[in-house]
Every structure is written in structure tokens, then in C-alpha cells.
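Peer 1: Give me coordinates for this.
(3 chains)
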Amino acid sequence: MKTAERLLKIYSRLHSRFGHQRWWPGETDEEVVIGAILTQNVAWKNVVTALARLKENNLLSLNAIFKTEAAALAPLIRSSRFFNQKAEKLKTFCRLLFNDYHGSLEAMFAQPVPSLRKQMLGLKGFGEETVDSILLYAGRKPVFVIDAYTKRIFSRIGLADEDWNYQACQRFFMDHLPENVELYNDYHAQIVALGNTLCRKKQPECPSCPVRRLCRFGRGQKEV
DNA sequence: GTCCAGGGCCTAC
DNA sequence: GTAGGCCATGGA
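Peer 2: All right, here's what the predicted structure looks like:
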């Protein structure tokens, strides 16, 4: 089976198992951006609490955050961990948005993806995963998001290499999948859904690991 | 009490 | 160039 075919088959299995994920969880593109920053290295559950507290205080918008001091935001997003840093990151994004794009996400996302991506990566606190999540889920740009689960799962089934850096891994998916925002959207969401069910045991032969049943398409039938 | 989530930056070698 | 510390909550 060709790599492209395998990737689509894996997606199909995940989709059957978990159902369409309808990502990103959030009512507006602004919420997506805020959530993408708050979810860095923390379980989504903690982010939900932080988003609710921002909403209670009428601060769940980029305009409101732009006008609010980081010190006032931090206590509200406490549950998302690293709250001081994340309050600064929210402010950093808003400064770019309001200084360069008059506060309009639409204007921002009208920029060519490569230059916008580069600009966002230049912001302190914005690495590739966060920037690509914003581009895909808020900007609806065809950019495949790579996270720790993606590398772990696809290297364990022998399709990817554990040593690949972010860009190599992203290249792999984008070279073998059709360029399709909806597919990129739900594929990453499915990987996270699967990752959330993985047992924490290190043994690759752990019989309770669902990947055994879901991803049997790696080279040499190497199961996880 | 311990472990670890939908990262990224900085510093020391 | 890269390993390791830092940031510092909340649920299982």
C-alpha cells in the first residue's frame, strides 16, 4: 500500500472510531486563537476553565485583551498553567493584530500564508505548533499541524521517524495527503482524540493500547 | 503523594 | 546543536 493510501486509511479508521471531531472547540475565530495559546502544554480541560473565566469578565475577545493589562489577565487564566507567560503571549498576539492589521483577523489571514507564518513565528512564545493551529483552525489555511502525539503515534507504527523535526514531519503529511483544509482539520483532531486514549505504559506491546487495532498500516505490519 | 497534559524559551555545555 | 531547566494548575 502506498504511503498516501495508508495515511487516508488510518484517517478513515480513526474517523470511524471517534466520529467527526468538529474542531476547533470554540464559537469564534478569536476564541480559537485564544485557546491555541492557552492550550500550550496543558490539558484542554484546564483551558475550558480559563476561557469561561475570561468570558465571565467580558474578556473573551482580542479587542478586550488588547485593552487589558497582562497583570489583570493572568489571574483569570490561572487554570491554564504558566499563566503569567500566557497572559503576555495573548498581549503579544493582540499587539501584532492591532498594530499591523487594525485588529482584523480577516485582514491578517488575507496575507500569504508563508509570510504570515514567518511573521507569527517571530513573536515571542509562538512556536510552530501554535502558529499552525491558528492558521488552520482560525484562518482555515491548508497547514497540517504536528504535535507530540503525531510524532509518537506515526513513528511507533513505522510511517514517520522519531528523529524528524517539526518541518520534516509536517512535510511528510502535506506531501502525501491532498491539500484540503477540512481533512487537515479533522485529521489532527483525530490524532489528538487517539492520543488522549493512549495508555501511558511505555511497553510497545501493551495489549490495551487502542493503536494496535486502529493503525495496522505501518511498514511491515508493525503494530503499536 | 505522584504523574503528566493539544509548548516554547533560555542557558549551558 | 542540543539537552535540560523553567514556567507552575488540576485531575486521575
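
Peer 1: for A:Thr49, what are its contacts?
Peer 2: A:Ser79, A:Ser80 (Cβ atoms under 8 Å, 6 or more residues apart in numbering). For glycine as for every other residue, the C-beta is placed from the backbone atoms N, C-alpha and C.

Peer 1: Now it: which helix or strand?
Peer 2: helix A:44-56 (DSSP states H and E).

Peer 1: Report the next helix or strand after that helix in sequence order.
Peer 2: helix A:62-66.

Peer 1: any idea of the mean pLDDT in the helix holding A:Thr49?
Peer 2: For helix A:44-56, mean pLDDT is 97.

Peer 1: do the same with stretch A:186-197
Peer 2: Stretch A:186-197 comes out at a mean pLDDT of 92.

Peer 1: Tell me if it is near DNA strand B.
Peer 2: Yes. Residues of stretch A:186-197 contacting DNA strand B under Cβ under 7 Å from any atom of the strand: A:Val192, A:Gly195, A:Asn196.

Peer 1: How about the most centrally placed residue in chain A, nearest residue that isn't a chain neighbour?
Peer 2: Centroid-nearest residue in chain A, with Cα atoms, centre = their mean: A:Ser133, separated by 4.3 Å. Spatial nearest neighbour of A:Ser133, chain neighbours left out: A:Ala36 (4.4 Å); criterion: Cβ to Cβ, 6 or more residues apart in numbering.

Peer 1: Where does that neighbour sit, in terms of helix or strand?
Peer 2: Counting by DSSP H and E, A:Ala36 is found in helix A:29-38.

Peer 1: right, is stretch A:128-137 up against DNA strand C?
Peer 2: No. Against DNA strand C, stretch A:128-137 shows no contacts by Cβ under 7 Å from any atom of the strand, the least distance being 13.2 Å.

Peer 1: now check that stretch, is it near DNA strand B?
Peer 2: Yes. Judged by Cβ under 7 Å from any atom of the strand, stretch A:128-137 comes into contact with DNA strand B through A:Glu128, A:Glu129, A:Thr130, A:Val131, A:Ser133, A:Tyr137.
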